[in-house]
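Chemist: Next input, structure requested:
(2 chains)
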Amino acid sequence: MNIIRLCVGFTVLALLLASCDNPPAKTPTSPQDTAFQKQLQTQLLDAKSGDVIIIPEGIFHFDRSLSLTVDGVTIRGAGHDKTILSFKGQIAGAEGILVTASDFTIENLAIEDTKGDALKINEGKNIVVRFVRTEWTNGPDVNNGAYGIYPVQTQNVLIEDSIAIGASDAGIYVGQSKDIIMRRNRVEFNVAGLEVENSINADVYDNVATNNTGGILVFNLPNLEQRGYQTRVHDNVVIANNLKNFAHKGAIVASVPAGTGIIISANDNVEIFDNIIKNNKTSNIVISSYFSIGSMNEKGIKESFDPYPEGIFIHDNEFEGGGNAPSLLELKALKLAMFGLKGKLPDIMWDGYINEALPAGTKRLCVQNGAAQVINVDGPGGNKNPSMDQSAYDCTLPPLPEVKL
Amino acid sequence: MTLSFLPSKNPPPPVFQTTSPVNRVGKGRALPFFPRKRGKWPRERSIGVLRCRGLIVPLLLILAACSAPTPKISPFMDENPPNLSAWGIVTVDDDRLTLGVDAMPYDLNSALYTDAAHKLRVLWMPLGKRAIYREEQALDFPVGTVIAKTFYYPKSNTGVLLNTHDMSADFAGEGLNLNTVRLIETRILVHRQSGWAALPYIWNDAQDDAVLERTGGALPIHLQKDNGDGQDFIYVVPNANQCAGCHAVNATTKAIQPIGPAPRHLNKTYSYPGGSENQLEHLARLGYLSGFESANTAPRNANWRDESASLDRRARAWLDINCGHCHNPVGVADTSALYLDRPEHAYPSGNAGLCKPPVAAGQGTGGYRFDIVPGKAEQSILWYRMASTNPAVMMPELGRSTADDDGVALIADWINAMEGDCY
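Modeler: From the prediction side, this is the model:
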């Protein structure tokens, strides 16, 4: 019985056989599980700076959150397909692992089926997440946890070679942080694949985002102390992010239309280049103001918030397909009217909200991307006067600096 | 003020009456026997036998009292003793939980909800040291201070644990009557040289001591509500890091500090054995507090159950003590930009929650757009998360497995009384 259950945890036949030959010491229902939970949490409590906490191969079950508050600790498993921390049956805690510490590294393990976020790192410097998998194994579901890998208010953050699957908000989400590299990650079957929110100086490259509702998001949200700007999104593969949006209404990502490759909202100075962006059926790239999120109001949004995107530079991307079946009704109608039944929307969609207070000549959106075109969908005018005039976008912006940690 | 909460209403059992005068003298810094001298305490005050000499009482009583001296408190400054009794701050003496020498009980105008558990709060400060008064934070307690919060449930005479906010049967003098309550856990906060440490102790089945469980615990609990309904849940004792999750009120310094003993929570009358007195004035009069002027000018939160207070003050008091330790401008939940601390403080609505969109609420939105929609509690994220018991949704994130139904109703009334709309 235990062995059967163990094997269900593995998806690859070879791994399955290997594990059956050598079942890990811990099994899902054995009383040793709570013993291991206690042992690991004790290790985390007793950790000293410089410690490496090794978690062996196996499936380990937890019914409560793990937490770490000590700086300078590394948590290391035997591989993200070998060391599996399962939180199925979790009874308490809003995340699987909560870290409130600096100089933290976590690598080579998987965190599965947490009630809330899988891995949350709240306030810390020098954070490394490497070869980590976070997954909700039941597939996309509104009741899955919100975020897979979630550093917030952090600085010097490296997230690489990791996998995030099934998050009901964002697979990998860096919020309110500075100096960030997210590279070589794979994000699938999340509402948002990768998200950079209210962050400064981020590099997002060599990632694969596919089968999400939206592939890569760069957002600014109101009322927060830190306004985000300066993100490079390059050399990513962003294909077929057409998954039905399964976020709870009211969550910001619930406003992302299924079929969005890359979306920038209310963020400034974003350079999108050298990506392969294909078959995202609403639009390969969306440039949006906060007005299009649907939560704009005078009472609850501080006046200091800038809802408009500016300084967006799109160049040298490879586009293919996409825009052929937008998921929003008004966009469907617009596509049909302008491009016909078999036509498609252009590769870049802009909601058309502009800050009139800015001087003439302000570079809001510049595009140097061969034949790729921008459609201004006239959000402010209720989509009545969409425009294909490309003249406003024929500009360039200086390249953003590479992020160095 | 709800006097029925106060311990003086409860007739102490006879056993206690014989020893309580001794206790009182031991703690009785205000009594003329041991006048407080500036900066220095009489040494006798913590020695049981000597204390007995201060009273003119029958010899028998002296002997009886001295045969079971009140435990002296040991502030462990480095090690973490495996048993709660080693601290001496609360210990079991027959069928009572008693307070150690010079330990002072206190309570709060409004308290955090923890699965309807009742709480006995006890404070002890080292000889000759004082706390420094701070207006908006917990008092700045000296190194060596020990605070013990004991979580317990009242029980029926058949032993069924009760979900009730009636505390009238809980007490035996300053301590607890173990015939009428069941002890669950005691959390120790000790102020060491390196800062405050938080240690959770879980009471044993025999109810004679509690054992240190730094990784916390999960205890199945059955409660009976006042209306007779049963309630089953897993009571979760936080691990030592999770204690810090709330008590690191500043998420940047990550320094642990007490939450309850702040002027606005402490500023109320308590019924001490020597008579009723404002808690802050009591501390100041005993020489435990410096920089304090007057209870009249100190901030004071409402008791959220006190219906004579305004709805706004009651709601803000509930939100302050249940949410404000994280939801403040430097707290763990400043990531959300929602600030719910300090009722006297008027935040702009983008921080106070009115028509404020969530930041990273995930499932916590419940499908709603704003934290507070005026006039519509049932469309407000704040209300939704308070009422939930799903770990991914509920607020606070930790420390409860059930909803505070009365608190949820209070916040619903508060939101429903707001006028206007968001768009």
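Chemist: Show me which positions of stretch B:317-331 end up buried.
Modeler: By neighbour count on 16 or more other C-beta atoms under 10 Å in any protein chain shown, the buried set for stretch B:317-331 is B:317-328, B:331. (Each C-beta comes from the backbone N, C-alpha and C, glycine too.)
Chemist: Following the chain past the strand or helix carrying B:L219, name the next helix or strand.
Modeler: Per DSSP states H and E, B:L219 falls inside strand B:217-225. Of the helices and strands lying after strand B:217-225 in sequence (DSSP H and E), the nearest is strand B:230-237.
Chemist: List the strands paired with that next one, with their directions.
Modeler: Applying DSSP bridges, strand B:230-237 is found paired with strand B:217-225 (antiparallel).
Chemist: Any buried residues in the strand it pairs with, and which?
Modeler: B:G217, B:I221, B:L223, B:Q224.
Chemist: so what's the second one up against?
Modeler: To tie it back to what came earlier, the one meant is B:I221. By C-beta atoms under 8 Å, 6 or more residues apart in numbering or on different chains, the contact list for B:I221 reads B:D115, B:Y153, B:L161, B:I184, B:D232, B:F233, B:I234, B:Y235.
Chemist: next one: the third one
Modeler: When the contact criterion is C-beta under 8 Å, 6+ apart, the partners of B:L223 are B:D115, B:A116, B:Y153, B:L161, B:L162, B:N163, B:G230, B:Q231, B:D232, B:F233.
Chemist: in stretch A:169-178, what counts as buried?
Modeler: A:D169, A:A170, A:G171, A:I172, A:Y173, A:V174, A:G175, A:Q176, A:S177, A:K178.
Chemist: In strands, which of these appear?
Modeler: A:A170, A:G171, A:I172, A:Y173, A:V174, A:G175, A:K178 (DSSP state E).
Chemist: can you list the residues you listed in JSON lines and add pLDDT and distance to A:V70?
Modeler: Shown next, in JSON lines, are these (pLDDT from 0 to 100; distance: C-beta to C-beta, whole Å):
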{"residue": "A:A170", "pLDDT": "98", "distance to A:V70": "27"}
{"residue": "A:G171", "pLDDT": "98", "distance to A:V70": "27"}
{"residue": "A:I172", "pLDDT": "98", "distance to A:V70": "24"}
{"residue": "A:Y173", "pLDDT": "98", "distance to A:V70": "24"}
{"residue": "A:V174", "pLDDT": "98", "distance to A:V70": "22"}
{"residue": "A:G175", "pLDDT": "98", "distance to A:V70": "23"}
{"residue": "A:K178", "pLDDT": "98", "distance to A:V70": "23"}
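Chemist: which among those gets closest to chain B?
Modeler: Using C-beta to the nearest C-beta, A:G175 comes nearest to chain B of these, at 6.2 Å.
Chemist: and that closest one, what are its bridge partners?
Modeler: Bridge pairing for A:G175 - DSSP bridges - gives A:V152, A:E197.
Chemist: Please look at it and B:S336 and confirm they touch.
Modeler: No: if you go by C-beta atoms under 8 Å, A:G175 and B:S336 don't touch, sitting 10.2 Å apart.
Chemist: List the residues that contact the residue of the stretch 251-400 of chain A found nearest chain B.
Modeler: Residue of the stretch 251-400 of chain A nearest chain B, by C-beta to the nearest C-beta: A:G300 (3.0 Å). By C-beta under 8 Å, 6+ apart, the residues touching A:G300 are A:N223, B:S349, B:G350, B:G353, B:L354, B:C355, B:K356, B:P357, B:F370, B:D371, B:C422.
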